[in-house]
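>>> Quick one, what's the 3D model for this:
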Amino acid sequence: AEIARWKAELGERYPPALGTAILSRAVQWLDAGQVVKARQELIAMLGDLAGAERDTALVKLGVADYMQRQTARAHRYLSTLTVDTPDADAERLHYLILCARRVNDRDGAQAGLDELGRRHPESSWYLRSLVAMADGYLVDHQFETYEPLYRSCYELFPQDKAASGCHWKIAVGHYLRRAQD
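Here you go, the predicted model:
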């Protein structure tokens with residue numbers, strides 16, 4: 001109510017909110033699991049955003065679908081979405097990989113991982129995708145498939161905190177198999 005009053009009172013002199021501040025509220029709703037509220041915020045703010053913030057908001061709409069377990073809708077939306085910002089595109093590809101994993105489309109997930117690695121090899125979203133894919137294969141006890149993914153994790157991102165966990169999973173796998181190394 002106060003914001004509306006100030007907007008009316010100041011008119012053209014009312015300062016616009018920063019895109020990052022507007023977007024952070026919706027991201028906080030997503031992080032808290034309040035997907036419906038996050039979606040409402042994202043839709044309401046799209047007209048006020050431009051550039052990287054708008055690209056991120058558009059991707060977050062697909063993330064909201066994914067979080068609501070609307071996997072087919074999220075996949076459809078994210079696969080047709082075009083964004084210019086590299087980080088937003090990397091996040092978009094990450095969630096496409098997660099969508100493919102959720103429906104057990106391993107070939108689609110691998111194709112998405114390959115594309116993400118080719119287009120955004122230094123992105124934190126690529127690291128997250130490597131770990132997510134490797135973890136899926138770890139649960140299925142597919143050592144030959146998860147080992148190269150974990151190896152990529154710690155070789156490509158040695159300074160990241162996830163690197164030690166990736167290295168440890170390979171070391172334990174070698175130990176359990178009584179490998180010479």
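>>> mind listing what the residue nearest to residue 157 when sequence neighbours are not counted touches?
Using CB to CB, 6 or more residues apart in numbering and skipping residues adjacent in sequence, the residue nearest residue 157 is residue 127, 4.9 Å away. (C-beta placed from N, C-alpha, C; glycine too.) For residue 127, the contact set (CB atoms under 8 Å, 6 or more residues apart in numbering) comprises 153, 156-157, 160, 162.
>>> do you know how far the most centrally placed residue in the chain is from residue 74?
For the chain, the residue lying nearest the average C-alpha position, counting by CA atoms, centre = their mean, turns out to be residue 91 (4.0 Å). When distance is defined by CB to CB, to the nearest Å, residue 91 is 12 Å away from residue 74.
>>> which stretch of helix or strand covers the residue nearest to the centre of the chain?
Following DSSP states H and E, one finds residue 91 within helix 86-102.
>>> Give me the residues contacting that helix.
Judged by CB under 8 Å, 6+ apart, the contacts made with helix 86-102 from elsewhere in the structure are 52, 55-56, 58-59, 62-63, 66, 71, 74-75, 78-79, 81, 83, 106, 108-109, 112-113, 115-116, 119-120, 123-126, 128-129, 132-133, 136.
>>> Contacts made by the next helix or strand along the chain from that helix with the rest, please.
Under the assignment DSSP H and E, the closest C-terminal helix or strand after helix 86-102 is helix 106-119. Residues from elsewhere that reach helix 106-119 (CB under 8 Å, 6+ apart): 86, 89-90, 93-94, 96-97, 100-101, 123, 125-126, 129-130, 133.
>>> just the buried members of those residues?
By the neighbour-count criterion of 16 or more other CB atoms under 10 Å, the contacts of helix 106-119 include these buried positions: 89-90, 93-94, 96-97, 100-101, 123, 125-126, 129-130, 133.
>>> for the residues you listed, which one is nearest residue 180?
Closest approach to residue 180 among these (CB to CB): residue 130, at 25.8 Å.
>>> what helix or strand is that closest one on?
Using DSSP H and E, residue 130 falls within helix 124-139.
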